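Participant: sequence first, predicted coordinates after that:
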Amino acid sequence: MWLEIVFSPLIIFIAILVLSYVFFRILKRLSPPPRRSELSLEPYACGEGTDRFPPEKIQLNVQLYRYALYFTIFDVMAFILLLSFNANIIYVLIYLAVALSAIAILPRR
């Protein structure tokens, strides 16, 4: 009986979690401290310097966000439809109507 408790998935997960935390703390003490430079304290581009990537030369294409929204909506919709095989058909149709209305609301630019 105690073997079933010791080898249960929850106890194994907690043991692996504790061991990984202990290894992390030990290896953190053994590793050298990170070197700081003047550029790493600047807020832009993680210390790469503004001479390499000046802000006026960076072009952000906002068009890609629309595709990210479409992907997110279709991905979540496919996942929920996959899980709704045993659900009532009315709930599935309501969900499809909400998802399709979310697609229709997106801007067309």
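Facilitator: Received it, and whenever you're ready, just let me know what you need.
Participant: how far away is the residue nearest in space to the middle of the chain from residue 30?
Facilitator: The residue lying closest to the centre of the chain (Cα atoms, centre = their mean) is residue 72, at 12.1 Å. As judged by Cβ to Cβ, to the nearest Å, residue 72 and residue 30 stand 41 Å apart. For glycine as for every other residue, the C-beta is placed from the backbone atoms N, C-alpha and C.
Participant: any low-confidence regions in the protein?
Facilitator: 39-60, 107-109 (pLDDT under 70).
Participant: what about residue 92, distance to residue 64?
Facilitator: Residue 92 is 31 Å from residue 64, by Cβ to Cβ.
Participant: the more surrounded of these two?
Facilitator: Set residue 92 next to residue 64 and count neighbours by other Cβ atoms under 10 Å: residue 92 wins out with 14 against 9.
Participant: element containing that one, please.
Facilitator: Element membership of residue 92 [criterion: DSSP states H and E] is helix 89-105.
Participant: with residue 14 instead?
Facilitator: Counting by DSSP H and E, residue 14 is found in helix 9-30.
Participant: quick one: name whatever helix or strand follows that helix.
Facilitator: Later in the chain than helix 9-30, the nearest helix or strand by DSSP H and E is helix 63-83.
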